[in-house]
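A.B. asks: can you look at this prediction? I've put the sequence above it.
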Amino acid sequence: MNINTLNQKILNLDGIPFQETVSKNEKGEPVLDDLTLKGVMVRALTEDHAQERCPHCQGGRVTDIEKYKRYVLARKIKDAKDEIELQAEEIALIKKLINWLFLVSVVGYAFDLIEKGGK
């Protein structure tokens, strides 16, 4: 599926972009930028998910091979301009991880952009 909405901003229900810390300035204060679908996807792939640390939770343990595959996919997304071709299995994984990491508003908007970007 071709996703052509990578650089679209993630908006809250009032239409205001969510923001994320992208760096710190020389005073150590956070520098904020608008959260994009690309940012959501990369963070979801590279974050440590509580569901995968708990032996009794639905996620189970993640192997080193699976972590490396996620890293490679995150790099592919990060390096893409505004669109990317992803396999159905990759999209399913990304959506699962987005769901585990983000608030309902982010999940809903990101899923809408993924589906919209695939049409």
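C.D. replies: That came in fine, so what should we check first? Numbers count the residues shown, from 1 in each chain.
A.B. asks: flag every buried residue along the longest helix that the chain contains.
C.D. replies: When every helix of the chain is counted residue by residue (DSSP state H), the longest turns out to be helix 64-79. For helix 64-79, burial by neighbour count (16 or more other CB atoms under 10 Å) applies to 70, 73-74, 77. Glycine gets a C-beta too; all of them are placed from N, C-alpha and C.
A.B. asks: got the end-to-end distance for stretch 18-29?
C.D. replies: Taking CA to CA, to the nearest Å, the span from the opening residue of stretch 18-29 to its closing residue is 18 Å.
A.B. asks: hmm, which helix or strand of the chain has the shakiest average pLDDT?
C.D. replies: helix 50-53 (a mean of 62; mean pLDDT, DSSP states H and E).
A.B. asks: for whichever helix or strand comes after the longest helix of the chain, packing partners?
C.D. replies: Elements were assigned by DSSP states H and E; along the chain past helix 64-79, the next helix or strand is strand 84-85. Judged by 3 or more CB pairs under 8 Å, 6 or more residues apart in numbering; DSSP states H and E, strand 84-85 is in contact with strand 2-3.
A.B. asks: mind listing residues that contact the helix or strand immediately after the strand it packs on in the chain?
C.D. replies: Scanning forward in sequence from strand 2-3 by DSSP H and E, the next helix or strand is strand 19-24. Strand 19-24 has contacts (CB atoms under 8 Å, 6 or more residues apart in numbering) with 30-35, 39, 43.
A.B. asks: all set, thanks.
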